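Q: Give me coordinates for this.
(chains A and B)
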Amino acid sequence: MYGGGNIFEATKFDNLTQEDPVKLDEFEARIARGEKIEPSDWMPALYRKQLIRMIEQHANSEIIGALPEGTWITRAPGFKRKMALMAKVQDEVGHAQLLYSAAETLGKSREQMMQDLINGRSKYSNIFNYPAFTWADSTIISWLVDAGAIVNQLANSKGSYGPYCRALERICAEESFHLKYGHHAVIHLATGSKIQREMVQDALNRWWPPMMHFFGPPDRISVHTEVLTKWKVKMATNDECRQQFLDMYVPKIWELELTVPDPNLKKNEQTRQWEYTEPDWEEFIRVINGDGPCNKERLAVRRNAEERGRWVRQALLTPEAKYVTPLA
Amino acid sequence: MIVMAFESLDPRIKRWNLSLQRNEEYQSADLDQLPTYEVFLQMRDGKAYEHAGIVHAATADMAFVFAKEQFSRRYTCTGMWVVLSERVWVTDCMELEENVYDHIVDTSINADGPQEEYEIFHLMKRGKQHKHAGTVGTTGHQQAILQAKTQFDDGTPVLNIWTAKKADISATDAEDQVIWSTLKDKTHREVISYRAGDRLKAFKERQNG
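A: Purely as a prediction, here's the structure:
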């Protein structure tokens, strides 16, 4: 999990005029040949900036995403579910570590990223600003949010930056258990008692709108990302990812005789595209800018962990130890 | 999602009575940024060690513990090496089809001094991980690469070389393999533990009949 649609800053193309045209040509030729970019290679400032932003957002989403699920470990029904959820949450925190490390090779330290996250200067996947009310919410997150993230991550793992691709390959290999575990837990509820079915239907109703937001605004209102596509930073459009997700998971939801809370959702057999009610993008913008039900508490918990962990870091310090940017 | 005002569902908020208002900027201490260690894994006996990634840690011992958890938690392996990033010596990265060894010339650096073992790692393709090529006994990193050129350069283009002094690497030995022995009990981390096809089939039959 958990990388959702990325929000790119408006791209100023005149930035590129300041780049060395010969080096820029070589860089673009390398990407066009399908070669990866490694940390020691020359790269345009815009490429470095957008990659840091994207990988950092992804890493933030992993540790913040572990919070709503993590609170359900102690309340998970039964030992097996507790063990599974604990292993999953541990994986997510491990993924954050892999991704922060990949971002560090571009020159921003993990500590700086942590500080920017806590101070609200960087983003994470908007979906984690919503609360997980019941156990069923936790199973829907494990299944559908992870499923959405896999769609995104598989696309990004074919991108151009070596360290990010390596981290994503490792992450995707670990994700398959999350998806199966989530599906298993949802099937268990959906095929269970009447109350269990109601619980999981309620959770699906709550999570569907944020799930439709998950891949980011539609391409027609997204910022221009042509150059990021050419540089293989952005590997699939938000709408392509959303369509792929709907194609793979709506039939699995219907198979459980659950209802997707969108009366307009259907596949147009002529265009082969899913049609749906456009989610409320104003809400998306409002929540991502800090005004969601859980934004403040997510950051408060993260800050608390940093502050309470400080004495451990102090106790372990070796004053002669020096930080250098990691190699790959 | 329409969410009414609710009390936080995160027990940490209540337990520690955390304030949701951000009063002052969070400022981390300079030394919170711990140094990084490069981690190499051997996936099976007899296979070459391969770079897996990095961990941040205050000491080599902590790095070793974190590396075991970070990189060999889900899939078992037979060996692990951990070395401070700063102690790894790195050559330039070559262009496609260019061999870094072709650029290594004997600069006649004073090669006196005690003989020590150095591990040599090759990157064969961009996007892949560095792989252990072998060990050389010599007096320094540059000499190690000269040695490696005579021993491990078969003309196949090597894009980039890392060298690390063996004495700088924390390594597992055969006895340490016991640290991975509990992995096979952790089937709750495996896809195979989550088969639900029968339950789904029975459900569909109930619904249809």
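
Q: ok, stretch B:37-53 near chain A or not?
A: Yes - on the criterion Cβ under 8 Å from any Cβ of the partner chain, stretch B:37-53 is in touch with chain A at B:38, B:51, B:53. For glycine as for every other residue, the C-beta is placed from the backbone atoms N, C-alpha and C.

Q: Among these, which are located in strands?
A: Residues from the residues of stretch B:37-53 next to chain A lying in strands, with DSSP state E as the criterion: B:38, B:51, B:53.

Q: Check these against A:Glu297 and report the nearest one.
A: Within the set of these, B:Gly53 lies nearest A:Glu297; the separation is 31.2 Å, counting by Cβ to Cβ.

Q: thinking the closest one is in contact with A:Tyr100, fair?
A: No - using Cβ atoms under 8 Å, B:Gly53 is not in contact with A:Tyr100; the gap is 10.9 Å.

Q: where do the strands sit along the chain?
A: I'll assume chain A. With strands called from DSSP E, chain A shows them at A:266-268, A:273-275.

Q: wrong chain, I was asking about chain B
A: In chain B, the strands defined using DSSP E lie at B:36-42, B:50-56, B:79-84, B:89-90, B:116-123, B:131-138, B:160-165, B:170-171.

Q: how about these in TSV, adding mean neighbour count and mean pLDDT?
A: Formatted as TSV, the entries for the strands of chain B read as follows, by neighbours: other Cβ atoms under 10 Å in any protein chain shown; pLDDT from 0 to 100:
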stretch	mean neighbour count	mean pLDDT
strand B:36-42	25	96
strand B:50-56	23	96
strand B:79-84	23	97
strand B:89-90	16	94
strand B:116-123	22	97
strand B:131-138	17	96
strand B:160-165	22	96
strand B:170-171	16	96
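
Q: Out of these, flag the one nearest A:Val233.
A: Across the strands of chain B, the minimum distance to A:Val233, taken as Cβ to Cβ, is reached by strand B:50-56, at 21.1 Å.

Q: I'd like to know which elements the closest one is packed against.
A: Judged by 3 or more Cβ pairs under 8 Å, 6 or more residues apart in numbering or on different chains; DSSP states H and E, the packing partners of strand B:50-56 are helix A:79-104, helix A:162-190, strand B:36-42, helix B:60-71, strand B:131-138.

Q: how about those, which one is nearest B:Ile104?
A: Nearest to B:Ile104 among those is strand B:131-138 (12.9 Å), distances taken as Cβ to Cβ.

Q: orientation of that closest one relative to strand B:116-123 in degrees?
A: Computed by axes from the mean of the first three to the mean of the last three Cα atoms, to 10 degrees, the angle separating strand B:131-138 from strand B:116-123 equals 150 degrees.

Q: Beta-bridge partners for B:Val82, please?
A: Beta-bridge partners for B:Val82, by DSSP bridges, are B:Val39, B:Ser170.

Q: for it, what are its contacts?
A: Listed by Cβ atoms under 8 Å, 6 or more residues apart in numbering or on different chains, the contact partners of B:Val82 are B:37-40, B:55, B:60, B:63-64, B:67, B:169-171.

Q: so where is chain B shaky, pLDDT-wise?
A: When residues are selected by pLDDT under 70, those of chain B lie in B:1-6, B:29-31, B:107-111.

Q: returning to what we had before: now, which of the contacts of B:Val82 sits nearest chain A?
A: B:Glu38 (6.1 Å; Cβ to the nearest Cβ).

Q: I'd say the closest one and A:Pro326 touch.
A: Yes - in this structure, B:Glu38 sits in contact with A:Pro326. The criterion is Cβ under 8 Å, and the distance is 7.3 Å.

Q: list residues touching both of those two?
A: With Cβ under 8 Å, 6+ apart, B:Glu38 and A:Pro326 have common neighbours B:54, B:85.

Q: Residue of the stretch 1-150 of chain A closest to chain B, please.
A: For the stretch 1-150 of chain A, the residue positioned closest to chain B under Cβ to the nearest Cβ is A:Lys36, at a distance of 3.3 Å.

Q: how close does that residue sit to A:Pro163?
A: The gap separating A:Lys36 from A:Pro163 is 9 Å, by Cβ to Cβ, to the nearest Å.

Q: on that earlier part again, please identify the deepest-packed of the helices and strands packed on strand B:50-56.
A: Taking mean count of other Cβ atoms under 10 Å in any protein chain shown as the contact definition, the stretch among these with the greatest mean neighbour count is strand B:36-42, which reaches a mean of 25.

Q: Run the angle between that strand and strand B:116-123 for me.
A: Note on geometry: by the same axes, to 10 degrees, strand B:36-42 and strand B:116-123 are set 80 degrees apart in direction.

Q: list the helices and strands strand B:36-42 packs on?
A: strand B:50-56, helix B:60-71, strand B:79-84.

Q: export these to TSV and tack on distance to A:His178?
A: Below are those laid out as TSV (distance: least, Cβ to Cβ, whole Å):
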stretch	distance to A:His178
strand B:50-56	20
helix B:60-71	17
strand B:79-84	25
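
Q: Can you pull the residues of the stretch 101-250 of chain A lying near chain B?
A: A:101, A:104, A:109-112, A:114-115, A:118-120, A:130-133, A:162, A:165-167, A:170, A:173-174, A:176-177, A:180-181, A:183-184, A:187-188, A:190-191, A:206-207, A:209-210.

Q: Any idea what the closest residue to B:Ala167 other than its chain neighbours is bridged to?
A: For B:Ala167, the nearest residue in space outside its immediate sequence neighbours is B:Glu116; the separation is 6.4 Å by Cβ to Cβ, 6 or more residues apart in numbering or on different chains. Judged by DSSP bridges, the bridge partners of B:Glu116 are B:Thr138.

Q: what sits against B:Glu116?
A: Residues near B:Glu116 by Cβ under 8 Å, 6+ apart: B:137-139, B:165-167.

Q: and if we set it to 10 Å?
A: If you count contacts by Cβ atoms under 10 Å, 6 or more residues apart in numbering or on different chains, B:Glu116 has them with B:136-140, B:144, B:165-168.

Q: For B:Arg12, state which of these is nearest.
A: Relative to B:Arg12, the closest of the contacts of B:Glu116 is B:Asp168; by Cβ to Cβ it sits at 39.8 Å.

Q: Number of residues surrounding the closest one?
A: Neighbouring residues of B:Asp168 were enumerated by other Cβ atoms under 10 Å in any protein chain shown; the total is 17.

Q: That one reaches B:Val88, doesn't it?
A: Yes - with contact taken as Cβ atoms under 10 Å, B:Asp168 and B:Val88 are classed as touching, separated by 8.4 Å.

Q: rewinding a little: need the strands of chain B in JSON lines (columns: distance to A:Phe27).
A: As requested, the strands of chain B are exported to JSON lines (distance: least, Cβ to Cβ, whole Å):
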{"stretch": "strand B:36-42", "distance to A:Phe27": "26"}
{"stretch": "strand B:50-56", "distance to A:Phe27": "24"}
{"stretch": "strand B:79-84", "distance to A:Phe27": "31"}
{"stretch": "strand B:89-90", "distance to A:Phe27": "21"}
{"stretch": "strand B:116-123", "distance to A:Phe27": "19"}
{"stretch": "strand B:131-138", "distance to A:Phe27": "26"}
{"stretch": "strand B:160-165", "distance to A:Phe27": "18"}
{"stretch": "strand B:170-171", "distance to A:Phe27": "37"}
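
Q: looking at those strands, which is closest to B:Trp180?
A: strand B:79-84 (9.2 Å).

Q: how far off strand B:116-123 does that closest one point, in degrees?
A: Going by the same axes, to 10 degrees, strand B:79-84 makes 100 degrees with strand B:116-123.

Q: and A:Pro261, what does it touch?
A: Applying Cβ under 10 Å, 6+ apart, the residues near A:Pro261 are A:201, A:204-209, A:277.

Q: List buried residues within those.
A: Among those, those scoring as buried are A:201, A:204-209 (criterion: 16 or more other Cβ atoms under 10 Å in any protein chain shown).

Q: Tell me the one among the contacts of A:Pro261 nearest to B:Leu20.
A: Among those, and counting by Cβ to Cβ, the member closest to B:Leu20 is A:Arg206, at 21.5 Å.
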